[in-house]
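In: Quick one, structure for this:
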Amino acid sequence: MDARVATGVDVRLVSDNGVEEHPVRELGGLLARDDGLVWVDIPNCDEEAVRVLSEIFGFHPLAIQACIERNAVPKVRAYRDHIFVVLHAPEVGKGGHVHYVELDQFIGPRYLVTVHGPVNPAVPPEAAERETRGVLRRIEAGRLRPRSTFELSYAIVSALAQGQEAFVETATREVWPWSSASPPGIWATPSNSWRSCSPPATPCWRCPTWPPWATRSTVECRRWPASSLPTASR
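Out: Predicted structure coming up:
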């Protein structure tokens, strides 16, 4: 039976020869070797994963608990022989909602343990494993040969940072038209006579004074043409 199917844990030995997949029962022996890096990837921190983290690696209970729960903010914790890192990446969902996808890392001298934190059911599994799977493909293709666990961790974090950069760039391009428009609080009647929203009878939904129950039935906003509004807001 495939080791990951049975336990939910991927155990890999990364060396000059590429990547070797191993069952969890061989993890202790792999950690004793000096001919490669041990990369343990945990898509879901279930009971078996907790056993691996606590019994085989001996990680601090609070760090293990942080892998089980969703963390509100990123964090870094330095221990005697390893570093624990909690990172977040944005993932756009339906209706413009932004999910925070968590990736935890234990970085030791010869091992890297990546734990994918709990995610919203609306987030597809492939999104939660995007960075780790991307780095794995680079290693398998021979385009990446990490010489240390810190290089391996850096490759994963760099992929995550590139995703964040793309997210911010996309959001910035969407905001640019707003910043170049006329000042907020200005609206017009169908006769194009400019007036101030203080308070308007039926203000534009983008106006700061817009109440949730307002409509655009009698007023046409000259700052934001109707074609730029979401369907639900027209």
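
In: quick one: contacts for residue 60?
Out: Applying CB atoms under 8 Å, 6 or more residues apart in numbering, we find residue 60 in contact with 77, 79, 84. Quick note: C-beta positions are derived from backbone N, CA and C, even for glycine.

In: helices or strands up against the lengthiest helix in the chain?
Out: Selection of the longest helix in the chain by residue count, based on DSSP state H, yields helix 149-179. Under the contact criterion of 3 or more CB pairs under 8 Å, 6 or more residues apart in numbering; DSSP states H and E, helix 149-179 touches strand 37-42, strand 83-92, strand 98-107, strand 111-116, helix 130-140.

In: give me the beta-bridge partners of the most centrally placed residue in the chain?
Out: With the centre of the chain defined as its mean C-alpha position, the nearest residue by CA atoms, centre = their mean is residue 89, 2.3 Å away. Beta bridges link residue 89 to residue 101, judged by DSSP bridges.

In: and it, how far is that from residue 26?
Out: To residue 26, residue 89 is 31 Å away according to CB to CB, to the nearest Å.

In: What's the local residue count around residue 36?
Out: Neighbourhood size, residue 36 [other CB atoms under 10 Å]: 17.

In: wouldn't it be in contact with residue 13 here?
Out: Yes. Between residue 36 and residue 13 there is a contact under CB atoms under 8 Å: 4.6 Å.

In: Is residue 42 in contact with residue 118, as I believe?
Out: No. Using CB under 8 Å, residue 42 makes no contact with residue 118, being 11.9 Å away.
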